[in-house]
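S.K.: turn this into a model:
(one chain, ligands or ions: 1)
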Amino acid sequence: MAENTTLEERPPSSVAILESLERIYKDLPMEAIVKQDILRQGIHFLPESFLGVGNYKAKDYFIFSFDHIPLADLKDGADTKAPEEIKISGGHFGLLKTVISTRNNPHSPYKMKSKEGVPTLYLEETEIGQAEYPPIPSWYRHKTKSGKLPGEIAPVIEWGYLIYLTVFRNCQYFGKDEECAYCDINHNYRQQKGAGRPYTGVKDVEDILEVMSWIAAEDEIAKVYTITGGSVLTSLKKKSEVDFYLQYPQAIESAFPNRWMGKLVAQAFEKEDCQKFKDSGIAIYHPNYEVWDKNLFEKICPGKASFIGWDNWIRRVVDSAEVFGPSHVIPNFVGGVELSEPYGFKTVKEAIDSTKQGLDFFMSKGIVPRFTAWCPEPFTTLGQQAGPPLVYFCELLRAWKETFETYQLPTPPGYGDPGPGKAVFSVSAFMDVIGYSGRN
Ligand code: SF4
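M.R.: Okay, the predicted model is just below:
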């Protein structure tokens, strides 16, 4: 990748490339390969693709922007009408139903058009699949006593499976010297407010309980909730980071014991603090290590590196398995960010060798890392870069699957059913490859 590449210069996609990878990566389902390419490139929604599809759930911007250009530059209705996710099937590769998160990119080679009134995804002139957009949950029609909308307080993603509670929509790691270089949480907060949208910075426990009461009464699809938000370095609302985040699962589990599986995405805490979350009812812990290579962690996650440090972070992830059980510690890494300019590896092989070391380290202990596909968002420190080629994501999925199978690990809990045609995790294909036995 050359320096100063822009999103127009992203490594290309074509049907010929997909067909060649289909022949090379026979151990990966085509659903996973196509999904990673669409996540990598984003989607250009043509205005016609929003017509005649009835009501559907649009993007709630539940934490980051996950768009390739600023909200203010999105045209033709994509800023308000793009669906949260798409579910594509059929097309040139005969895909089973595949759920993919929407990342708006008007420069993407993947174009969502309308074919006889049905949204249909194209690459070049080739049909990649017919698309469905996610339904709006019935409880989205309510409003809280404080006047807030459910999609703002407790949006659902993963086709309704996961209630995503970003309770703090900023991060106290602030500015280039502290923010993780791929993260636009603070910038997204500003752009949502700038667009005049309701976008609550710190969510009230009462608002969340009110929305959760409607979900408990009306919803059969949501099975899991995630509590997350930015890091707290000093205090927030006069609470420490642990006490701030702890109040939410405590309130939810008191009001609705074991109604859903609770997950926490937060910094890596010491065991005593992990125990508090476990005692509150949290079942799954995601202390995200973001990038395995220690030098890159220091460059890409400067705040985490200076306040906690890579060695401490990794030790805490391992220690937390004593509290939650190894299978219930699922740290995330940002797939592809280890190839970012200017500090990242220069070749796919070096990147995969490094990331595979991390997978082996954790999986040998029964801890299963998962990944999200890096989206080079414009307002981040890393900015609009070319990003990795598709072959990187194929190699990553292969490395993840091989390591997972070597250690004979159980399917990560809290993600729904695995495998092509069933997986609902929408920001990478790690769940789509589980159990796939290959093709000839
Ligand atoms: S810790 Fe890093 S990834 Fe998490 S919200 Fe803060 S800046 Fe973003």
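S.K.: was I right about S14 contacting T126?
M.R.: No: the criterion here is C-beta atoms under 8 Å, and S14 misses it with T126 at 9.1 Å. No exception for glycine: its C-beta is placed from N, CA and C like everyone else's.
S.K.: confirm that A131 sits in a helix.
M.R.: No: looking at A131 with DSSP: H, G, I helix; E, B strand; the rest coil, it is strand, so not inside a helix.
S.K.: and the gap between it and L46?
M.R.: Here A131 is placed at a distance of 12 Å from L46 (C-beta to C-beta, to the nearest Å).
S.K.: which one's more surrounded, those two?
M.R.: Counted by other C-beta atoms under 10 Å, A131 and L46 do not tie: A131 has more neighbours, with 27 against 17.
S.K.: V424 contacts V156, correct?
M.R.: No: between V424 and V156 there is no contact under C-beta under 8 Å: 10.7 Å.
S.K.: shared neighbours, those two?
M.R.: L162 (C-beta atoms under 8 Å, 6 or more residues apart in numbering).
S.K.: more neighbours, those two?
M.R.: Applying other C-beta under 10 Å to V424 and V156 shows that V156 carries more neighbours, namely 27 against 23.
S.K.: list residues touching both of A131 and L46?
M.R.: Common neighbours of A131 and L46, using C-beta under 8 Å, 6+ apart, are M112.
S.K.: not counting its neighbours along the chain, what's nearest G229?
M.R.: Setting aside the residues directly before and after it, G229 is nearest to F168 in space (C-beta to C-beta, 6 or more residues apart in numbering), at 3.1 Å.
S.K.: no wait, E241
M.R.: Counting by C-beta to C-beta, 6+ apart, the residue nearest E241 is V232, at 3.7 Å.
S.K.: got a list of what the closest residue in space to A373 that isn't next to it in sequence touches?
M.R.: Counting by C-beta to C-beta, 6+ apart, A373 lies nearest to L39, which is 4.2 Å off, once chain neighbours are set aside. The contact partners of L39, by C-beta under 8 Å, 6+ apart, come to I100, S101, R103, A373, C375, V427, S428.
S.K.: can you confirm L39 is in a helix?
M.R.: Yes: assessed with three-state DSSP, L39 lies in a helix.
S.K.: burial measure for F393, as a count.
M.R.: 29.
S.K.: brain fart, T347
M.R.: That count, for T347 with other C-beta under 10 Å as the rule, works out to 10.
S.K.: next one: G147
M.R.: 8.
S.K.: what residues does the stretch 201-350 of the chain put near the ligand?
M.R.: G230, S231 (C-beta under 6 Å from any ligand atom).
S.K.: just the buried positions in stretch 281-299, please.
M.R.: 281-293, 296-299 (16 or more other C-beta atoms under 10 Å).
S.K.: and if you look at stretch 110-128?
M.R.: Y110, K111, M112, K113, S114, P119, T120, L121, Y122, L123, E127, I128.
S.K.: now, among the residues you listed, which is nearest to the ligand?
M.R.: Nearest to the ligand out of the buried residues of stretch 110-128 is Y110 (C-beta to the nearest ligand atom; 26.3 Å).
S.K.: and that closest one, what does it touch?
M.R.: Per C-beta under 8 Å, 6+ apart, neighbours of Y110: S13, D37, I38, Q41, G42, I43, H44, L121, Y122, L123, I128.
S.K.: and the host helix or strand of K304, average pLDDT?
M.R.: Element membership for K304 (DSSP states H and E) is helix 302-307. The average pLDDT within helix 302-307 is 98.
S.K.: chain center to it: distance?
M.R.: Relative to its chain's centre, helix 302-307 lies at 22 Å (C-alpha atoms, centre = their mean, to the nearest Å).
S.K.: that one: which residues count as buried?
M.R.: Buried positions in helix 302-307, judged by neighbour count with 16+ other C-beta under 10 Å: P302, G303, K304, A305, F307.
S.K.: nearest spatial neighbour of the last one, skipping sequence neighbours?
M.R.: Yep, that's F307 we're talking about. L233 is the one closest to F307 (C-beta to C-beta, 6+ apart), at 6.6 Å.
S.K.: so that neighbour sits in a strand?
M.R.: No: with three-state DSSP as the criterion, L233 is assigned coil and is not in a strand.
S.K.: give me the neighbour count for it.
M.R.: Applying other C-beta under 10 Å, I find that L233 has 15 neighbouring residues.
S.K.: so it sits right up against F168, yeah?
M.R.: No: in this structure L233 lies outside contact range of F168 using C-beta under 8 Å: 11.8 Å.
S.K.: quick one: contacts for the residue nearest to F307?
M.R.: Q172, Y173, E241, G303, F307.
S.K.: distance of the third one relative to Q191?
M.R.: Spatial separation of E241 from Q191 under the definition C-beta to C-beta is 25 Å.
S.K.: again, but for the fourth one
M.R.: Distance of G303 to Q191, computed by C-beta to C-beta: 21 Å.
S.K.: buried stuff in the helix or strand that contains Y189?
M.R.: Here Y189 sits within helix 185-194, counting by DSSP H and E. Neighbour-count burial for helix 185-194, counted by 16+ other C-beta under 10 Å, picks out I185, N186, H187, N188, Y189, Q191, Q192.
S.K.: what's the first helix or strand after it?
M.R.: Sequence order places helix 205-218 as the next helix or strand after helix 185-194, per DSSP H and E.
S.K.: just the buried positions in that following helix, please.
M.R.: D207, I208, L209, E210, V211, M212, W214, I215, A216.
S.K.: assign the nearest residue to G129 once chain neighbours are set aside to helix, strand or coil.
M.R.: Nearest non-adjacent residue to G129, counting by C-beta to C-beta, 6+ apart: I88, 3.3 Å away. Look at I88: counting by three-state DSSP, its state is strand.
S.K.: all set now, cheers.
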